[in-house]
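**Student:** got a predicted structure here, sequence first:
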Amino acid sequence: MPLVQRIARTIERYRMFEPGQKVGVAVSGGADSVCLLHALCELAPRWGLQPGVLHLDHQLRGEESRQDAEFVRDLAASLGLPFLLREADVAAAPGNLEQAARRARLAFFREAIASGAAARVAVGHTRSDQAETVLYRFLRGSGTAGLAGIRPVTSDGIVRPLIEIDRGEVTQFLRSRGIAWREDSSNADPAFARNRIRHQLLPKLASEWNPAIAETLADTADWALAEEAYWNQVIDQLAAQHITPSGEAVLLRADALTSLPAAAGRRLVRRAMELVKRDLLGIDFRHVSGVLDLAGLPARSGRVQVPGLDIRRSFEWLRIAPRAALAPVSGYRRAVTVPGTLAVPGSGIAISLELIEKAETSEVPDCVYNGEMGCLDWPRLSGPLELRNWQPGDRYQPSCSTGEAKIKTLFQQARIPVWERAHWPVLTDGDSIVWARHFGPAAEYVAGPGSGPVLQIREVTVA
């Protein structure tokens with residue numbers, strides 16, 4: 001089958017375009033992208049596509065980069081296509097140069113889609129690129145998600161029509177038609193890991209182990225991609241059941257996690273990490289296993305840290321939070337005005353205080369035993385009242401208790417996770433704690449039948 005028709009088959013297989021769409025073709029000037037542009041121009045009438053040319057000058061090779069841009073500009077003009085050029089000082093970006101270049105390209109493509117210049121962006125990755133990617137990720141310790149390699153279609157509108165075409169077929173197509181392209185000198189630089197894989201490792205594997213190694217690796221990616229599609233549906237369901245959002249963090253029950261098959265548990269942990277971190281860069285098998293080990297600890301407490309994340313176990317719960325959330329928690333003290341409502345910092349709740357003239361007998365049990373409400377005998381309070389966060393060493397006697405206890409002990413008895421304690425509100429009258437969240441009024445100050453007036457304390461949720 002002719003190469004252009006095979007590309008058309010790939011486009012249809014993965015439903016890359018909708019009829020009449022604008023397609024930005026990312027053209028570097030190299031053989032793959034030039035082949036992609038000519039093929040899409042030939043196929044455009046089939047779907048009524050409106051192709052245009054996108055070029056990003058990475059400014060890494062001086063005059064050579066400038067000439068690449070001019071070559072692509074002239075190519076677009078010769079085909080009567082709109083041309084969009086962007087420049088990026090990739091060398092000045094922090095971190096790995098290859099990663100910085102990739103981020104710059106993705107930002108450019110997403111900008112083109114967001115601006116309406118294109119509905120899809122087509123890039124020239126081939127099956128040869130797929131093989132190199134799979135091998136590279138395997139060597140770095142990727143799981144099945146990584147071995148799925150380069151996606152033919154991404155959720156943000158990037159498509160790869162050449163993903164089932166080998167690089168050798170691309171150059172043969174161009175030569176047969178007398179189409180010129182430019183060679184990027186950096187593609188031969190052994191300083192880049194991908195170049196060493198392309199020019200050294202893959203040829204050695206092909207000559208000494210498997211002549212069809214590139215095809216085998218590409219097939220592995222296709223297999224893994226189908227596996228990932230299935231698992232994503234399963235994990236969507238498990239995530240809805242087991243992952244609880246909590247501000248910037250998420251919560252997972254340890255027992256639920258350890259009861260899942262290992263394959264599902266690992267994927268659920270990865271999903272939870274990705275929800276918080278927004279990506280999985282730097283996360284590997286050891287990190288995921290560390291979280292599962294934490295969930296299985298008999299001690300029911302512990303902590304692990306992975307790139308960008310802090311994961312803590314407290315009683316039945318695991319909390320996955322961004323590292324930024326590790327900043328010291330500031331205490332708070334608020335003078336109380338009755339009636340009034342005071343927000344509790346960092347908690348999503350507020351404490352409402354209201355004066356009631358007389359407590360009805362039927363209301364007293366609720367005031368004493370309801371963790372979200374408490375009633376204090378107003379005449380026994382001398383003031384000034386203050387709402388503050390719990391502090392180590394705080395102790396008092398709840399009305400339902402036979403003696404005084406440290407609030408830390410009450411936390412442990414009530415299985416309050418450690419991350420919820422820092423902002424825990426207590427109400428004080430001078431030096432005495434007269435009420436604490438969940439544990440209720442102090443025995444000395446609790447309202448009884450016929451008490452009045454009564455200070456009613458309620459916990460309310462705030463947006």
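**Tutor:** Thanks, I have it. Numbering: from 1, shown residues only.
**Student:** please tell me how far V336 sits from L75.
**Tutor:** 73 Å (CB to CB, to the nearest Å). Heads up, the C-betas are built off the backbone N, CA and C, glycines and all.
**Student:** A180 too?
**Tutor:** Distance from A180 to L75, counting by CB to CB: 9 Å.
**Student:** ok, I235 next?
**Tutor:** I235 sits at a distance of 43 Å from L75 (criterion: CB to CB).
**Student:** what about R458, neighbour count?
**Tutor:** R458 is flanked by 15 other residues according to other CB atoms under 10 Å.
**Student:** sticking with the nearest residue to it once chain neighbours are set aside, tell me its helix or strand.
**Tutor:** If the residues on either side of it in the chain are set aside, R458 comes closest to S352, at 4.4 Å by CB to CB, 6 or more residues apart in numbering. Following DSSP states H and E, the helix or strand that holds S352 is strand 349-356.
**Student:** could you list the paired strands of that strand along with their orientation?
**Tutor:** Neighbouring strands of strand 349-356 in its sheet, by DSSP bridges, are strand 340-344 (antiparallel), strand 454-461 (antiparallel).
**Student:** output the shortest one as CSV, restricted to C-alpha atoms.
**Tutor:** This file holds the C-alpha atoms of strand 340-344, laid out as CSV (Å, rounded to 0.1, in the frame of the first residue of the first chain):
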residue,chain,number,x,y,z
GLY,A,340,-20.8,35.9,66.0
THR,A,341,-19.2,33.5,63.5
LEU,A,342,-15.4,32.9,63.3
ALA,A,343,-13.7,31.0,60.4
VAL,A,344,-11.2,28.4,61.4
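**Student:** buried stuff in that strand?
**Tutor:** Buried positions in strand 340-344, judged by neighbour count with 16 or more other CB atoms under 10 Å: L342, A343, V344.
**Student:** show the average pLDDT along that strand.
**Tutor:** The predicted model assigns strand 340-344 a mean pLDDT of 90.
**Student:** do stretch 17-33 as well
**Tutor:** Confidence over stretch 17-33 (mean pLDDT, whole number) is 96.
**Student:** and if you look at stretch 255-268?
**Tutor:** Stretch 255-268 comes out at a mean pLDDT of 94.
**Student:** got it, and stretch 375-383?
**Tutor:** Summarised as a single mean, pLDDT over stretch 375-383 is 88.
**Student:** in stretch 98-116, what's buried?
**Tutor:** Result for stretch 98-116 [16+ other CB under 10 Å]: buried residues A100, A101, A104, R105, F108, F109, A112, I113.
**Student:** I'd like to know which of these is nearest to Q305.
**Tutor:** Taking CB to CB as the measure, Q305 sits nearest to A100 out of the buried residues of stretch 98-116, at 25.5 Å.
**Student:** what sits against R380?
**Tutor:** The neighbours of R380, taking CB atoms under 8 Å, 6 or more residues apart in numbering as the test, are E444, Y445.
**Student:** by mean pLDDT, which helix or strand of the chain comes out lowest?
**Tutor:** The helix or strand of the chain with the lowest confidence, counting by mean pLDDT, DSSP states H and E, is helix 364-369 at a mean of 52.
**Student:** helix or strand next in line after it, which one?
**Tutor:** Using DSSP H and E, the helix or strand that follows helix 364-369 towards the C-terminus is strand 373-377.
**Student:** which helices and strands does that following strand pack with?
**Tutor:** Using 3 or more CB pairs under 8 Å, 6 or more residues apart in numbering; DSSP states H and E as the contact test, the elements touching strand 373-377 are helix 364-369, strand 432-436, strand 440-441, strand 454-461.
**Student:** tell me the pLDDT at E208?
**Tutor:** If you check E208, the pLDDT there is 94.
**Student:** can you give me the helices in the stretch 201-350 of the chain?
**Tutor:** Secondary structure of the stretch 201-350 of the chain, counting by DSSP state H, counting those that start in this stretch: helices at 202-208, 213-242, 254-259, 262-277, 285-295.
**Student:** run the chain-centre distance for the longest one.
**Tutor:** The one in question is helix 213-242. Its chain's C-alpha centre lies 18 Å from the corresponding centre of helix 213-242 when counted by CA atoms, centre = their mean, to the nearest Å.
**Student:** quick check: domain ranges of the chain?
**Tutor:** Domain ranges of the chain: 3-221, 243-326, 333-461, per automatic domain parsing.
**Student:** could you save the ones you listed as a markdown table and add columns showing distance to E227?
**Tutor:** Compiled in a markdown table, the domains of the chain are given as follows (distance: least, CB to CB, whole Å):
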| stretch | distance to E227 |
| --- | --- |
| domain 3-221 | 6 |
| domain 243-326 | 10 |
| domain 333-461 | 35 |
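**Student:** name the residues of stretch 80-87 that are buried.
**Tutor:** Neighbour-count burial for stretch 80-87, counted by 16+ other CB under 10 Å, picks out L81, F83, L84, R86.
**Student:** sorry, wrong one. I was asking about stretch 385-393.
**Tutor:** L385, L387, R388, N389, W390.
**Student:** list the contacts for the first one?
**Tutor:** L385 makes contact with A335, V336, V338, L353, L427, T428, D429, V434 under the criterion CB under 8 Å, 6+ apart.
**Student:** swap the cut-off to 6 Å and go again
**Tutor:** If you count contacts by CB atoms under 6 Å, 6 or more residues apart in numbering, L385 has them with V336, D429.
**Student:** do the second one as well
**Tutor:** Taking CB under 6 Å, 6+ apart as the definition of contact, the neighbours of L387 are R334, V336, L342, P425, L427.
**Student:** try it again with 10 Å
**Tutor:** Listed by CB atoms under 10 Å, 6 or more residues apart in numbering, the contact partners of L387 are 332-336, 340, 342-344, 350-351, 353, 425-428, 435, 457.
**Student:** which of the buried residues of stretch 385-393 lies closest to Q172?
**Tutor:** Of all the buried residues of stretch 385-393, N389 has the smallest distance to Q172: 71.1 Å, by CB to CB.
**Student:** so the closest one bridges to which residues?
**Tutor:** When bridges are called by DSSP bridges, N389 pairs up with P425.
**Student:** hang on, it packs against L427?
**Tutor:** No - contact status for N389 versus L427: not in contact, 11.4 Å apart, counting by CB atoms under 10 Å.
**Student:** which of V336 and L75 has more neighbours?
**Tutor:** Between V336 and L75, counted using other CB under 10 Å, L75 has the larger neighbour count: 23 against 18.
**Student:** any idea how far A218 is from that one?
**Tutor:** To A218, L75 is 28 Å away according to CB to CB.
**Student:** cool, E164 as well?
**Tutor:** Counting by CB to CB, the separation of E164 from A218 is 8 Å.
**Student:** next one: P245
**Tutor:** 38 Å.
**Student:** now what about the strand holding S352, what contacts it?
**Tutor:** In this structure, residues lying in contact with strand 349-356 by CB under 10 Å, 6+ apart are 334, 336-344, 363, 367, 372-376, 378, 385, 387, 423, 425, 427, 435, 437, 447, 451-462.
**Student:** what's the burial count for G346?
**Tutor:** Under the criterion other CB under 10 Å, the count of neighbours that G346 has is 15.
**Student:** for the closest residue to it other than its chain neighbours, which three-state class applies?
**Tutor:** Nearest residue to G346 in three dimensions, chain neighbours excluded: H423, at 4.5 Å (CB to CB, 6+ apart). Reduced to three states with DSSP: H, G, I helix; E, B strand; the rest coil, the structure at H423 is coil.
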